[in-house]
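Trainee: here are the coordinates; sequence isn't available:
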Ligand SMILES: [Zn+2]
Ligand SMILES: [Zn+2]
């Protein structure tokens, strides 16, 4: 029995810097026993990512591929301090899952904790975001107390990014940025838990091998950060669909 049944964050070749197709990811998910995965390619403002028309075509993908439920979504980029995302309203409202985050190689120019926190809070208040991806990264520091409070208030899920946190845990002894990432993520989860908010534990896979390792790595991180499984929205399809309107 694994602690996660769904992966809400995976990239295909369409992102321009990832290496597997949707069918390859679904095949690996089936072997791993995942019930459902979300395909969340990067939003159009990121260098090399797909255009709006790609996201308008999501209805053409079957809801089940190789026995695995497929949710079609986006990892949108927050591009302005007012929380604006880089996808037009029509395409955005067709997505089953909307992740949003701050990224390099996009028009976002903020650097300070104040800029980043304000931008994420406003994106959450906008009503179209289901999940904030990797809420704390050293490149984009945020006030994790403010972010967790706003997430609990708005019902937006905060991500524990297995790719990022796994690397940070591996290097925490010798790298201050890695240690800070683990510490701030733990503080964020404490804040979220104390206010009744929920998180998702996601692979952020850019190759099928990362999805193949997802459940094992997620289990290790859940244990290391002592995450209460009751606050993990993607522990089952049922708990996820209570948290966000996926079906
Ligand atoms: Zn990201
Ligand atoms: Zn991603």
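Mentor: Everything's here; your move. Quick caveat: nothing in here was measured; it's all calculated off a predicted structure. Numbers count the residues shown, from 1 in each chain. Ligands and ions are numbered 1, 2, ... in the order given.
Trainee: need the strands for this protein, in chain order.
Mentor: 6-10, 36-42, 64-65, 68-77, 97-101, 131-132, 157-161, 199-202 (DSSP state E).
Trainee: now residue 158: how far from residue 62?
Mentor: Residue 158 sits 30 Å away from residue 62, going by CB to CB, to the nearest Å. From N, CA and C alone the C-beta is placed, and that goes for glycine too.
Trainee: Neighbour count for these two, which is higher?
Mentor: residue 158 (30 against 10; other CB atoms under 10 Å).
Trainee: mind checking which of the strands of the chain is nearest ligand 1?
Mentor: Among those, strand 97-101 comes nearest to ligand 1, with 4.6 Å by CB to the ion.
Trainee: among the strands of the chain, which is nearest residue 55?
Mentor: Nearest to residue 55 among the strands of the chain is strand 68-77 (5.8 Å), distances taken as CB to CB.
Trainee: In this structure, where's the longest helix?
Mentor: Assignment by DSSP state H gives helix 176-194 as the longest helix of the chain.
Trainee: what's in contact with it?
Mentor: Helix 176-194 is contacted by residues 135-138, 141, 144-145, 147-149, 151-152, 158, 160, 164-165, 167-173, 197-199, 225, 227-228, 231 when judged by CB atoms under 8 Å, 6 or more residues apart in numbering.
Trainee: Name the residues that touch the helix or strand of the chain with the lowest mean pLDDT?
Mentor: None of the helices or strands of the chain scores lower by mean pLDDT, DSSP states H and E than helix 89-93, at a mean of 89. Contacting residues not belonging to helix 89-93 are listed as 52, 55, 56, 74, 76, 85, 98, 128 [CB under 8 Å, 6+ apart].
Trainee: coming back round to it: just the buried subset of the contacts of helix 176-194, please.
Mentor: Buried by 16 or more other CB atoms under 10 Å: 135-137, 141, 144, 147-149, 151-152, 158, 160, 164-165, 168-169, 172, 197-199, 225, 227, 231, out of those.
Trainee: Among these, which are located in helices?
Mentor: 144, 147, 148, 149, 151, 152, 164, 165, 168, 169.
Trainee: From what I see, the third one and residue 195 are in contact.
Mentor: Yes. If you go by CB atoms under 8 Å, residue 148 and residue 195 touch, sitting 6.8 Å apart.
Trainee: For ligand 2, see how far away the residue of the chain positioned farthest from its centre is.
Mentor: For the chain, the largest distance from the centre (CA atoms, centre = their mean) belongs to residue 174, which lies 26.6 Å off. To ligand 2, residue 174 is 26 Å away according to CB to the ion, to the nearest Å.
Trainee: swap in residue 154?
Mentor: For residue 154, the distance to ligand 2 - CB to the ion - is 21 Å.
Trainee: Next, count neighbours for that residue.
Mentor: Neighbours of residue 154 using other CB under 10 Å come to 15.
Trainee: quick one: contacts for it?
Mentor: 124, 125.
Trainee: Mind doing that once more with 10 Å?
Mentor: Contact analysis of residue 154 by CB atoms under 10 Å, 6 or more residues apart in numbering lists 121, 124, 125, 126, 127, 129, 197.
Trainee: for the chain, what are the low-confidence residue spans?
Mentor: Across the chain, the ranges flagged by pLDDT under 70 are 1, 247.
Trainee: Contact residues of it facing ligand 2?
Mentor: 75, 204 (CB under 5 Å from the ion).
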